[in-house]
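**Student:** Turn this into a structure:
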Amino acid sequence: MLGQADLAHFFREMQYQLSAGVGVVQALGAMEAQSNPFLRLAIRRLREEASQGKPLSEAMAKFPDIFSPLIISIIRAGEASGKLADACGNIAGILERDLEMRRKLSMWTFYPKLLVVAAIFIIFPFRPLMLGILMGNKWALYEGLKYIIGGALLFALYFVLVRLIIPPRVYIKIVDVLKSALPGITSLARRYALARFLIALSHLYSAGVSPSESLRLAGESSGSPEIKKKTEEIVQRISAGERLSNILDRARILSPSAVNMLRAGEEGGRLPEALELVAQRLEEEAVVSSHRWIIGASIGFYLLVALILAYYIISAYSGYYSQLLSNP
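**Tutor:** Residues are numbered from 1 along each chain as shown. So this is what the prediction gives:
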């Protein structure tokens, strides 16, 4: 399975090769031997078409499951400006930044996820196992073991689906949709989506992609249906020559302070840097909020599991002693 880390490594290596003066065909040939097997076939096809004089962006468009429209647009802009190495670096930067944030979130949520897994293997089989042990009920013991086996099979199925069947890009989109639907983390998901939107927009502007196309592609890469819809609505305004900061201000996509930072960047001719700075601040705010939410959710879930187990223990012993008293 091709992961985001493999794709980021590919573009970072392409940047190094092209910056050193290596040709596109030679760089692809060098990357082919050391790439992920799923990516190797695509690189071979890219090398063959590049050796025939075809643009790299045109060849990449034939692999939509690997190279997104965002990637293809940045490569196309890099080819047009003669800065293909910088374009590969921009793509690698987008992928690496998003990957780093997802790794941090995965690390921070490890303990809550561990609690959920433990709860599945403890709460559901706990009551029948307790009854089976106290009352010698073999059927109850069988029910408890069935829950344990069923939970193990569910996790095995999850691993197979996520790691072997569902493409990473599709899985990421599913997770993003679930995050936006869960109570308590909707605002967090929006901040991360806004950060991804601004990072992509910054790199697209730096690569020389047109403002309207940059907005559209950044909206798609944000992973937020809300942001994507709003960017589609304001593309026509930016095409008319209106300032980006004014458009985003009226669309209520960013806070007033963030809009002021973008306006200052536009006036100073440093819009990509301003976009990057706003994205960094959004990420920092999201990190602080994530830590608070994770700690609160972990404590709340831990107390809930403890209360459920206490209820099961009390009810099991109550039933056991009631049976002893009724059968002297």
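**Student:** rest of the way, CA atoms for contacts and neighbours
**Tutor:** Fine.
**Student:** State the mean pLDDT of stretch 207-216.
**Tutor:** The average of the pLDDT scores along stretch 207-216 is 81.
**Student:** Hmm, I typed the wrong one, I wanted stretch 282-299.
**Tutor:** On average, stretch 282-299 scores 77.
**Student:** where does it sit relative to the chain's centre, distance-wise?
**Tutor:** Stretch 282-299 has its C-alpha centroid displaced from the chain centroid by 16 Å (Cα atoms, centre = their mean, to the nearest Å).
**Student:** Same check on stretch 215-233?
**Tutor:** So, by Cα atoms, centre = their mean, the centroid of stretch 215-233 is 15 Å from its chain's centroid.
**Student:** before we move on, what about stretch 244-254?
**Tutor:** That offset, for stretch 244-254, works out to 25 Å (Cα atoms, centre = their mean).
**Student:** next one: stretch 80-90
**Tutor:** Remark: stretch 80-90 is offset 25 Å from the chain centroid, using Cα atoms, centre = their mean.
**Student:** Distance-wise, check Leu153 relative to Leu115.
**Tutor:** Distance of Leu153 to Leu115, computed by Cα to Cα, to the nearest Å: 18 Å.
**Student:** Give me the more crowded residue out of these two.
**Tutor:** The neighbour comparison of Leu153 against Leu115 (other Cα atoms under 10 Å) goes to Leu115, with 15 against 12.
**Student:** Find the residue closest to that one in space, skipping its chain neighbours.
**Tutor:** Nearest non-adjacent residue to Leu115, counting by Cα to Cα, 6 or more residues apart in numbering: Tyr302, 7.3 Å away.
**Student:** Helix or strand: which one has that neighbour?
**Tutor:** Using DSSP states H and E, Tyr302 sits in helix 271-326.
**Student:** Equivalent analysis for Ser212, please.
**Tutor:** helix 211-221.
**Student:** Please point out which parts of the helix or strand just after that helix sit buried.
**Tutor:** Downstream of helix 211-221, the next assigned helix or strand under DSSP H and E is helix 225-239. Of all the residues in helix 225-239, those buried under the rule 16 or more other Cα atoms under 10 Å are Ile227, Lys228, Lys230, Thr231, Glu232, Ile234, Val235, Ile238.
**Student:** Check the gap between the nearest residue to the fifth one once chain neighbours are set aside and Val116 for me.
**Tutor:** In space, Glu232 comes closest to Arg216 once its chain neighbours are excluded; the distance is 6.1 Å by Cα to Cα, 6+ apart. Counting by Cα to Cα, the gap from Arg216 to Val116 is 38 Å.
**Student:** more neighbours, those two?
**Tutor:** The residue with more neighbours, out of Arg216 and Val116, is Arg216; 22 against 16, by other Cα under 10 Å.
**Student:** Let me know whether that one touches Lys228 as I believe.
**Tutor:** Yes - contact between Arg216 and Lys228 holds when scored by Cα atoms under 8 Å: they sit 7.4 Å apart.
**Student:** which strands and helices sit next to whichever strand or helix holds Phe197?
**Tutor:** Per DSSP H and E: Phe197 is located in helix 186-207. Under the contact definition 3 or more Cα pairs under 8 Å, 6 or more residues apart in numbering; DSSP states H and E, helix 186-207 sits against helix 69-81, helix 84-108, helix 168-181, helix 211-221, helix 271-326.
**Student:** Now tell me what touches the fourth one from outside.
**Tutor:** This means helix 211-221. 69-70, 196-198, 200-201, 204-205, 227-229, 231-232, 235-236, 238-239 (Cα atoms under 8 Å, 6 or more residues apart in numbering).
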